[in-house]
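A.B. asks: predicted coordinates and the sequence they were generated for:
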Amino acid sequence: DIQMTQSPASLSASLGETVSIECLASEDIYSNLAWYQQKPGKSPQLLIYYASSLQDGVPSRFSGSESGTQYSLEINSLQPEDEGDYFCQQSYKFPLTFGSGTKLEIK
Amino acid sequence: EVQLVESGGGLVQPGRSLKLSCLASGFTFSNYGMNWIRQAPGKGLEWVASISSSSSYIYYADTVKGRFTISRDNAKNTLYLQMTSLRSEDTALYYCARDWYFDFWGPGTMVTVSS
């Protein structure tokens, strides 16, 4: 199975700052990676698919990138509504696997 | 507007069965692969099962293989998850989600396995 190692587990940042969340795949997943945001008590929402494609309706301050088997989600100009949990997920091979999640707190 | 609505969750004793449903609307259901994903209380996301648009391809997580069955009825725009031999570790909020990138999710249905 492909392991997705996500870091950090939590982070706290101020309004307007830029943060980055990383996911390391245990093998090449050929850009087949998605990022999701989950707000408390809500269902996850797709932010980024295929490593860097922005889902319709998602603000452009969210962006995704890759370098080898390392994938990153960057959030620019943090807003209060960005607080929540973030998960990466590989869709290259079954079983589909998620990262363990990152809890983002806005100070 | 794409909508997915899960139902069928509840409290069930260990070893018993339960069948979840996910009613889809707002898109051509028969054109999309569908998935079940679960989230134990306070935990992360765990993929459970996937089914292709015509049911030709079906995949399961090892944790549920042999106990859970995913199916769909394209005429009824409905996805199912038949769960048998339920265990306490199956306690979770069960979501259905569309496509191989989970681009739309339902609100989930809670399954609690406890005596």
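C.D. replies: Right, received. Where do you want to start?
A.B. asks: adjacent strands (with direction) for the helix or strand hosting A:Gln37?
C.D. replies: Counting by DSSP states H and E, the element that carries A:Gln37 is strand A:33-38. In the sheet, strand A:33-38 lines up against strand A:45-49 (antiparallel), strand A:84-90 (antiparallel) (DSSP bridges).
A.B. asks: I'd like the mean pLDDT over the last one, please.
C.D. replies: So the one you mean is strand A:84-90. Here strand A:84-90 scores 98 as its mean pLDDT.
A.B. asks: could you dump it to CSV, C-alpha only?
C.D. replies: The C-alpha trace of strand A:84-90 is given here as CSV (Å, rounded to 0.1, in the frame of the first residue of the first chain):
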residue,chain,number,x,y,z
GLY,A,84,-9.8,23.5,9.8
ASP,A,85,-8.2,20.2,9.0
TYR,A,86,-6.4,19.5,5.8
PHE,A,87,-5.8,16.0,4.3
CYS,A,88,-3.9,14.8,1.3
GLN,A,89,-5.0,11.7,-0.6
GLN,A,90,-3.4,9.6,-3.4
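A.B. asks: does any part of the following helix or strand past that strand sit near chain B?
C.D. replies: Next helix or strand after strand A:84-90 toward the C-terminus (DSSP H and E): strand A:97-98. Yes. Residues of strand A:97-98 are located near chain B by Cβ under 8 Å from any Cβ of the partner chain, namely A:97-98. In this view, the C-beta of every residue, glycine as well, is placed from N, C-alpha and C.
A.B. asks: give the partner strands of strand A:97-98 in its sheet and their orientations.
C.D. replies: In the sheet, strand A:97-98 lines up with strand A:84-90 (antiparallel) (DSSP bridges).
A.B. asks: chain center to the strand it pairs with, what's the gap?
C.D. replies: 5 Å (Cα atoms, centre = their mean, to the nearest Å).
A.B. asks: residues making contact with it?
C.D. replies: Here strand A:84-90 makes contact (Cβ atoms under 8 Å, 6 or more residues apart in numbering or on different chains) with A:2, A:4, A:6, A:21, A:23, A:25, A:29, A:32-40, A:44, A:47, A:71, A:73, A:96-99, A:101-104, B:44-45, B:47, B:102.
A.B. asks: swap the cut-off to 7 Å and go again
C.D. replies: With contacts defined as Cβ atoms under 7 Å, 6 or more residues apart in numbering or on different chains, strand A:84-90 is touched by A:2, A:4, A:6, A:21, A:23, A:25, A:29, A:32-40, A:44, A:71, A:73, A:96-99, A:101-104, B:44-45.
A.B. asks: and stretch A:41-55, by the same measure?
C.D. replies: By Cβ under 7 Å, 6+ apart, the residues outside stretch A:41-55 that reach it are A:31-38, A:58, A:60, A:62, A:64-66, A:71, A:73, A:87, B:45, B:95, B:101-103, B:105-108.
A.B. asks: chain B contacts on chain A?
C.D. replies: A:34, A:43-44, A:46, A:49, A:55, A:87, A:91, A:94-98, A:100-101 (Cβ under 7 Å from any Cβ of the partner chain).
A.B. asks: list buried residues within those residues.
C.D. replies: A:34, A:43-44, A:46, A:49, A:55, A:87, A:91, A:95-98, A:101 (16 or more other Cβ atoms under 10 Å in any protein chain shown).
A.B. asks: B:Asp90: which of the residues you listed is nearest?
C.D. replies: B:Asp90 lies nearest to A:Pro95 out of these, by Cβ to Cβ, at 16.3 Å.
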